[in-house]
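# I would like to see how this sequence folds:
(chains A, B and C)
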Amino acid sequence: MIAEIGHYALVLALFLAILQSTLPLIGAARRNYGWMAVGQSTALVQFALVALAFAALMNSYITSDFSVLNVAENSHSAKPLLYKISGVWGNHEGSMLLWVLILSLFGAAVAWFGGNLPAELRARVLAVQGMIGTGFYLFILLTSNPFTRLVPAPMDGRGLNPILQDPGLAIHPPFLYLGYVGFSVAFSFAVAALIEGKVDAAWARWVRPWTLAAWCALTIGIALGSWWAYYTLGWGGWWFWDPVENASFMPWLVGTALIHSAIVVEKRDALKSWTILLAIVTFSLSLVGTFLVRSGVLTSVHAFAVDPARGTFILLLLLIVIGGSLTLYAIRAPALKGGGLFQPISREGALVLNNLLLSTAAATVFLGTLYPLFLDAIGGAKVSVGYPFFNATFVPLMIPLVAAVAAGPMLAWKRGDLLAALQRLKFAFLAAFVVVLITFYIQWGGPVLAVLGVGLAMWLFMGVLAEYSDRIKLFRAPFGDSWRRAIHLPRSTYGMSIAHLGLAVSVAGIAAAAWQSERIETVRPGDNIELAGFSIHFDGIEQLQGSNYTSARGTFTVTKDGSAIAVMRPERRFFPLQNMPTSNTAIHTTLLSDLYLALNDGDAPGNWTLRAYYKPLVPWIWIGAGIMALGGLLSLSDRRWRVGVAARRARRAPAEAVAKA
Amino acid sequence: MTRALSFFILIAALTFGAMGPGFAVEPNERLADPALEARARGISDHLRCLVCQNETIDDSHADLAHDLRVLVRERLTAGDSDSQTIAFITARYGDFVLLKPPVKGATLVLWYGPLAILLIGAVGTVVWFRRRKMTGVEEPAPLTDVERSRLKQMMTEGES
Amino acid sequence: MQRLLFVIPVVLFLGLAAYFGLALTRDPSTLPSALIDKPAPAFALAGLGTKPPLARDDFAGQVVLVNFFASWCVPCRAEHPILMRMAEQEKLTLYGIAYKDRPEDAQRFLTQLGDPYSRIGVDQSGRVGIDFGVYGVPETYVIDKAGNIRLRHVGPLTASDLQNEILPLLKQLGRS
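Residues are numbered from 1 along each chain as shown, chains lettered A, B, ... in the order given. Below you'll find the predicted structure:
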């Protein structure tokens, strides 16, 4: 009964979405405010309905109602509660329901917080959201209904893949989808702007917080996924350039370009048609990612959905959404005239460079991800495009980008002085090269690219600090004066600096991977292994019984120079239901480095295989991503975005505008 | 990756039934000669596991990956060069096993595409700058020294 | 001219969508053999139990089917009735290679389900499998009179595979 309520709520949501995609649009064209206002109520009610549907499915999972096919296929009564809940989105149908839940959440948010938008713009944005919703509700109801009943109901379910039974993975998809789907708002704003034929600073100011919010969520989502891969898969890697990873990374790259180009629209009234294009492409890449993951066209992604009808349906959806918006773009965008002129060497110029490099990087990932598909489709050879390709093509694009991030914010708008900016960065330069290169080279030697990477990270880090101290005139004005400036800097400025610092931290973590050391040994209790100055002693193994698995847990005592550092307990779990082992790694982190142990069955009874890694700076990869997201959130909290602030600010604007220049 | 990857592992395990005992390169596979072993690791780090499809054979637990790791080591021990060893594998499994696709006719677009996109983008940006300059509004002349000092004065006034 | 620039994105996308459409019709999981139209690798394997051994030269000058199977492989069981039908009704010559299987297990498997093979080679190490480019059993190869591999089928054979793929090819190759 409850499952039927969920199904029914979804059908109702579909009808509301259809209403929402038509009435407000017509209303906006005819200036009928009543019709325009329909969008707000439908968006809010839609969210309530989808939330109801979602709650219904979750209820079926929690109560282990195996008469629902989806639950029977993906859950099991002995599963811990957390994974019964996360099991809702651990499969195709349920994750699509989460997808539309987040879509309707964003729709409702635009309706709720959009009070400062012109009525026409809000109506059109909501209409476009309604169209996207219509497509996806249809997709779920016609091809992927999570509420399908199973008669007779089985005694128990098939369970969730043990690898997915992990807290990190439980929250990874919601963040990822918040990101993917969040970009739909930027998309809707872009399409609405094309319909209106008007893009101005106000438009950019409205669209930026939505984009930032989605970007933060996607950053966190990708970082969580990568971190999860690091600690569960047991081989110490954290990014493999797998098609599914790339599917989430491409929208991130273009979305990053978008939040930067929108600044130029807001401040300088330039790059309008480009920014609109980026907004369309960012969400389009999210959709293409959905297509790739769920249609079975790529080898990595088999198991998600093998039903060709789904692939066809999503492709149709892509044709309508992306094809339609790009056609509209081709017709309307030429009329958008950019205003502000600027020199190539200027803040705008730096942001153009940022966009050029990020777009090329995204295109590179796109090419690499889809190339095997293209070649196969034209009857060519089957090839693989793996991480060596991306390391060879993507990394060279990131080097100039990271280098430029330090200098960009130092340039003035319109006409910058690169030489002066570089002069102000000379401390950063010195710090980067003298301290880092020499220390690292003496310490570890190692690959040139890695040394360069750490140097680059240091350059960026110092560059951001230099830019900040420059802004508050640290040491050049009385200290109180600097303090006053620091307090009065807008939060978005702090957000930028912090996000850029986060990038520096991540880059250092990525580059330092070259200095990892590894031991793979057969061990028996009592054995001792030396790794990077650590002594790892195998104390013993104990057998444990989990709720739905059995486990062999090893105890290792780690000492360095005779003093105990940590006791680490890697586990080997076995899930009888799926007849599948997983390895639970043990990680001892100092935040400066990780000691990583993974245990596995050995070649004889009593033997175990131990993989031990020492990974300097590796936690920085995710810490950096977290800092980036934090920067984004801080920027998001800037009161400039809030309702009515823009008008109040305008009165004070002249003085501040000069002060900032 | 990751979720789908793991789904795939599960499916692969069910389909191929060959859930090997270990994961990734195993101690007992290793060669005594560290130089040779390092070469073997380098090679197997660039070969794709065919059963699981999105792992290197070095990282994979699959049975076939184990066999291929042993094979790579046998070839190296027998005196094959790295490229001969790789050729031995590709003769049987095709270019598909190479995670780094070879540069040849069919992959030119792949390998030179990124550079081409960057160049097109860069040239496009330059052209755009120039056109804007020509068609755009008169650009304001740079500030004279007098204006500059006046601006400075205004700024300090504005702050205090 | 400038307007044309704005049309590029949609044109690129339509091209992309066409490729996606094409890709939907293809199965990404099957790999073509690297040995198509190339000589089948030489091998000489011990026979199963008391049966004679199997070597490549045993089928020189014939059109033959070589099937890799294993007792531990679940899809092999699914495919087995088709193999039996091929041997009994279609009177095809099937050579089996027991891939990474213990002889006694393979023997039990065939005793249980019937033996469709004229001869069986035991490839316990899986080396012959690697020489053929096998990546998952069952796999079936068609080898022509000149000893070249003409077809590889990965995964269990179905009745329609037999009707639409195997039999027409055998006919074309002039099975004697």
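# can you tell me the residue of chain B closest to chain A?
Nearest to chain A, among the residues of chain B, is residue B:99, at 2.8 Å (C-beta to the nearest C-beta). Heads up, the C-betas are built off the backbone N, CA and C, glycines and all.
# mind listing what that residue touches?
A:384, A:385, A:386, A:387, A:388, A:389, B:46, B:47, B:48, B:56 (C-beta atoms under 8 Å, 6 or more residues apart in numbering or on different chains).
# sketch out the low-pLDDT regions of the chain for me.
Assuming you mean chain A. Scanning chain A for pLDDT under 70 picks out A:296, A:298-307, A:434-446, A:640-661.
# I was thinking of chain C, sorry if that wasn't clear
Ranges of chain C meeting pLDDT under 70: C:1, C:27-30, C:175-176.
# and it, which of its residues are near chain B?
Residues of chain C lying close to chain B by C-beta under 8 Å from any C-beta of the partner chain are C:31-35, C:41, C:70, C:72-75, C:100, C:125-127, C:130-133, C:135-137.
# center of the chain, which residue is that?
As the question left the chain open, I've gone with chain A. The structure's chain A has its C-alpha centroid closest to residue A:218; by C-alpha atoms, centre = their mean the separation is 2.2 Å.
# hm, I was asking about chain B
Centre-most residue of chain B, counting by C-alpha atoms, centre = their mean: residue B:100, 7.6 Å.
# next one: phi and psi at that residue?
The phi and psi values for residue B:100, taken as degrees, to the nearest 10, are phi -110, psi 100.
# so it touches residue A:390, yeah?
No. Contact status for residue B:100 versus residue A:390: not in contact, 9.9 Å apart, counting by C-beta atoms under 8 Å.
# now secondary structure and neighbour count too, for the contacts of residue B:99, in a markdown table please.
Shown next, in a markdown table, are the contacts of residue B:99 (DSSP: H, G, I helix; E, B strand; the rest coil; neighbours: other C-beta atoms under 10 Å in any protein chain shown):
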| residue | secondary structure | neighbour count |
| --- | --- | --- |
| A:384 | coil | 22 |
| A:385 | coil | 25 |
| A:386 | coil | 22 |
| A:387 | helix | 19 |
| A:388 | helix | 17 |
| A:389 | helix | 24 |
| B:46 | coil | 19 |
| B:47 | strand | 26 |
| B:48 | strand | 23 |
| B:56 | strand | 26 |
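# buried residues, stretch A:308-317. List them.
A:310, A:311, A:312, A:313, A:314, A:315, A:316, A:317 (16 or more other C-beta atoms under 10 Å in any protein chain shown).
# shouldn't the first one be in contact with residue A:293?
This means residue A:310. No. Contact criterion C-beta under 8 Å: residue A:310 and residue A:293 do not qualify, at 10.8 Å.
# okay, now the domains of chain B?
B:21-102, B:103-133 (automatic domain parsing).
# quick revisit: without its sequence neighbours, what residue ends up closest to the residue nearest to the centre of chain B?
Among residues not flanking residue B:100 along the chain, residue A:388 sits closest, at 3.6 Å (C-beta to C-beta, 6 or more residues apart in numbering or on different chains).
# hmm, back to that, and the pLDDT at the residue of chain B closest to chain A?
For residue B:99, the pLDDT comes out at 90.
# just to revisit the earlier point, quick one: which of the contacts of residue B:99 is nearest to residue A:541?
The closest of the contacts of residue B:99 to residue A:541 turns out to be residue B:56 (C-beta to C-beta; 28.9 Å).
# chain B contacts on the stretch 101-250 of chain A?
Contacts of the stretch 101-250 of chain A with chain B, taken as C-beta under 8 Å from any C-beta, map to A:161, A:163-164, A:169, A:172-173, A:225-226, A:228-229, A:233-235, A:237, A:240, A:242-245.
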